[in-house]
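# generate a structure from the sequence data that follows.
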Amino acid sequence: MSNYQISDFELIRPYNDDEIQSVFKRLLSEEAFVRLLSFLYPASLEKTVERISKITSIRQFQEEVISSYVKGVIENTTQGVFAEGLENLLPNESYLFFSNHRDIILDPAILNVLLVQNGFDTTEIAIGDNLLIFPWITDLVKLNRTFIVNRNLPVKQMLESSSRLSNYIRYTLTEKNSSVWIAQREGRSKDGNDRTQISLLKMLNISGTGSFPQNFKELKIVPVSIAYEYDPCDYLKSEGFLKRKKNPNYQKTKDEDLKHMETGLKGRKGRVSFSFGKPINEELQAIEPLTVKNDQFTALAETIDRYIHLNYHLCPGNYVAWDVLNQKEDYQNFYTAADKEYFLSYIEEHLHRCNRHGADSEFIRETLLEMYANPVENKRNCF
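Model (predicted):
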């Protein structure tokens, strides 16, 4: 850990067990947090508050509060969550779970449920400070083993922040022996076209003291492919594309962020799958001979993307979207007439919803189809 002390991580690290009750007292004094508890546990608010007051560890909080709620979301809004590839990983090892990103809250939350069900510990979670709309949200996420990624800083501060973040991630993996989840790019993929951000890999490399392959072998990167059969926020993302088309400087408001979070939790998702690859090690040796540093980073990003695309679990709607968008029938054997009718009615339902706000129907329709077709296109390009 180059030139960093543990105390340097105070502003970004998750909370520890001995801090949990003081944080709970602070949270319970926040009206917005109490309203959130009322929303999450409408039938048992008093019992929930009482239970929280007796929690003594982060793991207990994750199991009794976070996981309990996430399991309810899974039961009520999905047709099942499936994991594959964990048999290739060791529960006592730490990994950098490097994944595509669909939902602000649920991606790492479901990941942790799956890990615990399969004998692994929960991971620490990287989250951008742009989502921490209020101080109490920061408190809440840091109780869930989340560390903070600072964004939109001046250049000098950004360099310092990137170095601190890189050192914290390497420290967590190698000294705390705790796994980490991080999305492959800043923010979620809004069009289903999952691509690793090279600047993220450069940030991870800052804290390394060895060669390029040594630095990344130490992190034990595991590509993770996350697929939702239906993205609850798909129509909101399409509306965002339309707003950006009309106004290139458009930025989501805090209210819109909250709407995305709520829709992601409540909306239907169909089948959800998490596909875990193997740690990227041998591939790093093939990258080492490249003499230009940027070429090494590009090759690593392409390697990660290839595994995410190959392991991505495609559903009938993905194939329907690709065929309809390209006016072909390449994948007609991968879906039934009923599958096609259901998916297209799903798209039409969202068009009707967006049209109430005077949206451009053809633009919305095309962007919705692209979201579901792009994972197919990316897998095609792997062969």
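# tell me the contacts of the spatially closest residue to Tyr41 that is not a sequence neighbour?
In this structure, Tyr41 finds its nearest non-sequential neighbour in Thr48, 4.5 Å apart by Cβ to Cβ, 6 or more residues apart in numbering. No exception for glycine: its C-beta is placed from N, CA and C like everyone else's. Thr48 makes contact with 37, 40-41, 65, according to Cβ atoms under 8 Å, 6 or more residues apart in numbering.
# TSV please, covering the residues you listed and showing secondary structure and neighbour count.
Listed next are the contacts of Thr48 as TSV, based on DSSP: H, G, I helix; E, B strand; the rest coil; neighbours: other Cβ atoms under 10 Å:
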residue	secondary structure	neighbour count
Leu37	helix	18
Leu40	helix	16
Tyr41	coil	18
Val65	helix	20
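# kindly indicate which of those residues lies nearest Tyr346.
Closest approach between the contacts of Thr48 and Tyr346, by Cβ to Cβ: Leu40, at 27.3 Å.
# the closest one against Tyr69, yeah?
Yes - with contact defined as Cβ atoms under 8 Å, Leu40 counts as touching Tyr69 (5.7 Å).
# can you point out the buried residues in stretch 283-292?
By neighbour count on 16 or more other Cβ atoms under 10 Å, the buried set for stretch 283-292 is 283-284, 287.
# show me where the chain has its strands.
In the chain, the segments counted as strands under DSSP state E are 78-84, 96-99, 124-128, 146-149, 180-183, 221-228, 270-276.
# how about those in CSV, adding mean pLDDT and distance to Gly264?
Shown next, in CSV, are the strands of the chain (pLDDT from 0 to 100; distance: least, Cβ to Cβ, whole Å):
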stretch, mean pLDDT, distance to Gly264
strand 78-84, 96, 12
strand 96-99, 98, 16
strand 124-128, 95, 14
strand 146-149, 95, 16
strand 180-183, 97, 14
strand 221-228, 98, 9
strand 270-276, 97, 12
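# and of these, who's closest to Ser211?
Closest among these, using Cβ to Cβ: strand 221-228, at 15.7 Å.
# got the contact list for that closest one?
Residues outside strand 221-228 that contact it (Cβ under 8 Å, 6+ apart): 89, 95-103, 107, 111, 181, 269-270, 272-280, 304, 307-309, 311-315, 375.
# narrow those residues to those that are buried.
89, 95-103, 107, 111, 181, 269-270, 272-277, 279-280, 304, 307-309, 311-315, 375.
# low-confidence ranges, the protein, go.
1-4, 355-359 (pLDDT under 70).
# apply 80 and report the result again.
1-6, 39-44, 104, 187-190, 254, 258, 353-359 (pLDDT under 80).
# break it down into its domains, please.
Following automatic domain parsing, the chain resolves into domains at 6-229+269-313, 233-266+314-383.
# what about the closest residue to Ile6 other than its chain neighbours, neighbour count?
Nearest residue to Ile6, sequence neighbours excluded (Cβ to Cβ, 6+ apart): Tyr171, at 7.6 Å. Neighbours of Tyr171 under the rule other Cβ atoms under 10 Å: 18.
# thanks a lot, catch you later.
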